[in-house]
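Asker: prediction below, plus the sequence it came from.
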Amino acid sequence: MIALWGSDVHWQGVLRQEGVSFRTDVGPRLDGVKILILDRAPSPQEASRITDYVASGGALLGYSGHASAVWPELTLRPVRLRYIIPDDCAIFRNVGLVSVETKGLLCSRANTGRTNGNHAALLVDRIGQGARVLLPFDLARVFEQLGATFRQFPAVTQRFPTETVSTVSRGEVRRLVAGCLRLLLAEQGLPYVHLAYVPGPGPSVFGFRIDTDFGSKSTIESAARLADDMGIRPSWYVNVRAHGEYLAEFKRYADAGHDVQLHCYRHVVYRDYGNNRTNLERGRATMAAAGLPVTGTVAPYGDWNPEFDRALADLEFSYSSEFTFDFDDLPCRVVISGRPSPLLQVPVHPISIGRLEAAHASDSDVRCYYQSYAELQVSRQEPCFLYDHPEQISQKAEVLRQIIDDAVSRCGGTITPTDYFRWWRRREGQAFDLSADANGITVTTANANEDIDLIVEMGERKARLPLRNATPTYEELDWQEILPAARFDTNWIRAGQVGPRVRIRELRRSLLKRLQERQG
């Protein structure tokens, strides 16, 4: 039903995150294709086939630069595109500020979304009997960027909290693509069908991770008591050099059901492969000797670089989570030199209580911030993963208790990042074919799985189906109302305007980290 004209690995990654049925390298084989994704520029001969496909009722999604080979009458203007601001168009449902930081091409007839230069960003229109959505950026070029930048996050505080995160907001790009697919299918009277983003029947799941950093034994014990009192299983990521003498305590937590994984041996991410590998190997070996085998890790400061990823892959770690690569997104794989990493990234929200305190947030501000984030993730039907450190947890225990209570209530369930990784790995292995018409859908799969659901979205309704061979009509589905969309927070626009004081503070923080690397 959805097909790539070529086989771009970045587009494939987004479609796998969404969990949709798709084909690659379709060429002239367009029978049954409801949406064609133009992931490369077509030749003149190919362009004529695409023109006929759309004119006769097909739908196309792609980069305006590629589409100009199909419709040379398009008038395009080069632009430095920092971000796209959502508007009321349906494709922006639950989409935040789409940071792309790339060179793009704007159509003169673009009619939805706004660029950082206050121009219309996307073209959404009908052509012949078909429809098209043209993006002003090349998704592959955007996702090839692996850099990081410091970013302000909107909050009701004296100043916006900041953190160093990935330059590109990959999650927002994915949500925008999903919104385009929904709209193009709806134009044909068809549903958007995808694998569920979270396990279980709830709208979301909540998970809490604790990076031990340099916490004292008393603050670590306080954080563990809070988790036990609330009946949640946190994931601990242990700074082994700082807490090697406490490993017996972490073994006790693990035996009691907590999830215990590796943070680091030395609290630093190096720029070279050798030091990263040595750091990871030593930490993992020390934990294994204490009876704590580890599956995943999260890097100090959320730092990520290709040499760190290569060390993790060679050491056969299963997952990691670095917000300088990705944040507030579904799990994904880094693509380096055209090849997906064997390592899965499990993104987390990057703002901790410490970053909010640095922005002079009151306890009420902190509660409001995280409640808004949980509400947003529930609206998106995506997981809500928060993280913090033992010192802040022990100091703000009552505030955090209220935050976690609210998040669990909204999300409808809890999970550790490690268990979510395991579920997602099973999800990645679920292949299915889908066809749909005006009456219903047909699902065909060789590996049915009753624990992984298909979500059928149509208009303002959704239905849930276990993944198995099925041919339900729309009348046979158990429809429920989709949760109301979260409103776009216009403070993201102000947050994107970083002043000199913020730059100086973040530069100082970055220099301190680099100093630690040299000393480590």
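Answerer: Arrived safely, thanks for sending.
Asker: buried residues in stretch 89-105?
Answerer: Buried positions in stretch 89-105, judged by neighbour count with 16 or more other C-beta atoms under 10 Å: 89, 91-102, 104-105. For the C-beta atoms, the positions are set from N, CA and C on the backbone; glycine is no exception.
Asker: which among those residues gets closest to Leu477?
Answerer: Arg93 (20.7 Å; C-beta to C-beta).
Asker: Asp125 is in contact with Arg109, isn't it?
Answerer: Yes. Counting by C-beta atoms under 8 Å, Asp125 touches Arg109, with 7.2 Å between them.
Asker: which SS class is the closest residue to Gly65 other than its chain neighbours?
Answerer: Nearest non-adjacent residue to Gly65, counting by C-beta to C-beta, 6 or more residues apart in numbering: Leu105, 4.8 Å away. Three-state assignment for Leu105 (DSSP: H, G, I helix; E, B strand; the rest coil): strand.
Asker: looks like Leu105 contacts Thr75 (just checking).
Answerer: No. Using C-beta under 8 Å as the test, Leu105 is too far from Thr75 to be in contact (10.0 Å).
Asker: more neighbours, Asp125 and Arg109?
Answerer: Asp125 (15 against 12; other C-beta atoms under 10 Å).
Asker: where do the strands sit along the stretch 301-450 of the chain?
Answerer: Taking DSSP state E, counting those that start in this stretch as the criterion, the stretch 301-450 of the chain contains strands spanning 319-320, 332-336, 339-345, 384-388, 433-436, 441-444, 449-458.
Asker: as TSV, the ones you listed with mean pLDDT, distance to Ala196 and mean neighbour count would be great.
Answerer: Shown next, in TSV, are the strands of the stretch 301-450 of the chain (pLDDT from 0 to 100; distance: least, C-beta to C-beta, whole Å; neighbours: other C-beta atoms under 10 Å):
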stretch	mean pLDDT	distance to Ala196	mean neighbour count
strand 319-320	98	19	24
strand 332-336	96	17	20
strand 339-345	96	17	17
strand 384-388	98	15	23
strand 433-436	96	15	18
strand 441-444	97	14	18
strand 449-458	94	4	18
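Asker: and of these, who's closest to Gly113?
Answerer: Between those, strand 449-458 lies closest to Gly113; by C-beta to C-beta that is 21.2 Å.
Asker: need the contact partners of that closest one.
Answerer: 182, 186, 191-196, 199, 381, 423, 426-427, 430, 432, 441, 443, 462-468, 474, 477, 479, 482 (C-beta atoms under 8 Å, 6 or more residues apart in numbering).
Asker: next up, the contacts around the residue nearest to Arg355 when sequence neighbours are not counted.
Answerer: Nearest residue to Arg355 in three dimensions, chain neighbours excluded: Pro161, at 4.5 Å (C-beta to C-beta, 6+ apart). Contacts of Pro161 were listed using C-beta under 8 Å, 6+ apart, and they are 152-153, 155, 351, 355-356, 358-359, 361, 369.
Asker: what distance do you get for the spatially closest residue to Val456 that is not a sequence neighbour to Asn305?
Answerer: Spatial nearest neighbour of Val456, chain neighbours left out: Ala463 (4.5 Å); criterion: C-beta to C-beta, 6+ apart. Remark: distance between Ala463 and Asn305 (C-beta to C-beta, to the nearest Å) = 43 Å.
Asker: what's the answer for Tyr370, then?
Answerer: 29 Å.
Asker: ditto for Arg355
Answerer: Taken as C-beta to C-beta, the span from Arg355 to Asn305 is 22 Å.
Asker: so which of the two has more stuff around it?
Answerer: Legend: neighbour count by other C-beta under 10 Å for Arg355 and Asn305, higher for Asn305 (21 against 18).
Asker: so what's the more buried one closest to, chain neighbours aside?
Answerer: Excluding its sequence neighbours, the residue lying closest to Asn305 (C-beta to C-beta, 6+ apart) is Arg271, at 6.2 Å.
Asker: isn't the one you found right up against Pro306?
Answerer: No. Using C-beta under 8 Å as the test, Arg271 is too far from Pro306 to be in contact (9.8 Å).
Asker: just for the stretch 201-350 of the chain, where's the confidence low?
Answerer: Counting by pLDDT under 70, the stretch 201-350 of the chain contains no low-confidence range.
Asker: Three-state assignment for Arg209, please.
Answerer: strand.
Asker: compute the number of surrounding residues for Arg501.
Answerer: 9.
Asker: what about it, which SS state?
Answerer: Per three-state DSSP, Arg501 ends up helix.
Asker: where's it relative to Phe150, distance?
Answerer: 12 Å.
Asker: over to Gln381?
Answerer: 30 Å.
Asker: please name the nearest non-neighbouring residue to the residue nearest the centre of the chain.
Answerer: When C-alpha atoms, centre = their mean is applied to the chain, the residue found nearest the centroid is Asp329 (1.2 Å). Distances taken as C-beta to C-beta, 6+ apart place Gly171 nearest to Asp329, at 3.2 Å, with adjacent residues excluded.
Asker: cool, Trp304 as well?
Answerer: Trp304 sits nearest to Glu322 (C-beta to C-beta, 6+ apart), 3.5 Å away.
Asker: cool, Leu30 as well?
Answerer: Tyr53 is the one closest to Leu30 (C-beta to C-beta, 6+ apart), at 5.2 Å.
Asker: check which helix or strand that neighbour maps to.
Answerer: Per DSSP states H and E, Tyr53 falls inside helix 44-55.
Asker: how far out from the middle of the chain is the helix or strand where the residue nearest to Asp329 lies?
Answerer: Using DSSP H and E, Gly171 maps to helix 170-186. Remark: helix 170-186 is offset 13 Å from the chain centroid, using C-alpha atoms, centre = their mean, to the nearest Å.
Asker: which residues of the stretch 201-350 of the chain fall in helices?
Answerer: Here the stretch 201-350 of the chain has its helices, by DSSP state H, counting those that start in this stretch, at 217-230, 240-243, 247-255, 273-289, 306-314.
Asker: looks to me like Lys33 is in a strand.
Answerer: You called it Lys, but residue 33 is Val. No. Membership of Val33 in a strand is not supported by three-state DSSP, which gives coil.
Asker: how far away is the closest residue to it other than its chain neighbours from Arg141?
Answerer: Excluding the flanking residues, the one nearest Val33 by C-beta to C-beta, 6+ apart is Ala3, at 4.5 Å. Distance, Ala3 to Arg141, using C-beta to C-beta: 21 Å.
Asker: also Ser7?
Answerer: 16 Å.
Asker: same thing with Ala361?
Answerer: 37 Å.
Asker: kindly report the same for Ala448.
Answerer: Where Arg141 is concerned, Ala448 sits at a distance of 38 Å (C-beta to C-beta).
Asker: cool, Ala470 as well?
Answerer: If you go by C-beta to C-beta, the gap between Ala470 and Arg141 works out to 39 Å.
Asker: wait, isn't Leu400 in contact with Ser394?
Answerer: No. Leu400 is beyond contact range of Ser394, at 9.3 Å (criterion: C-beta under 8 Å).
Asker: so for these two, which residue has more residues nearby?
Answerer: Neighbour count, other C-beta under 10 Å: between Leu400 and Ser394, Leu400 has more, with 24 against 19.
Asker: which residues touch that one?
Answerer: Taking C-beta under 8 Å, 6+ apart, one finds 226, 353, 388, 393 in contact with Leu400.
Asker: widest-spaced pair of the residues you listed?
Answerer: Among those, Leu226 and Ile353 lie farthest apart (C-beta to C-beta), at 12.9 Å.
Asker: sounds good, over and out.
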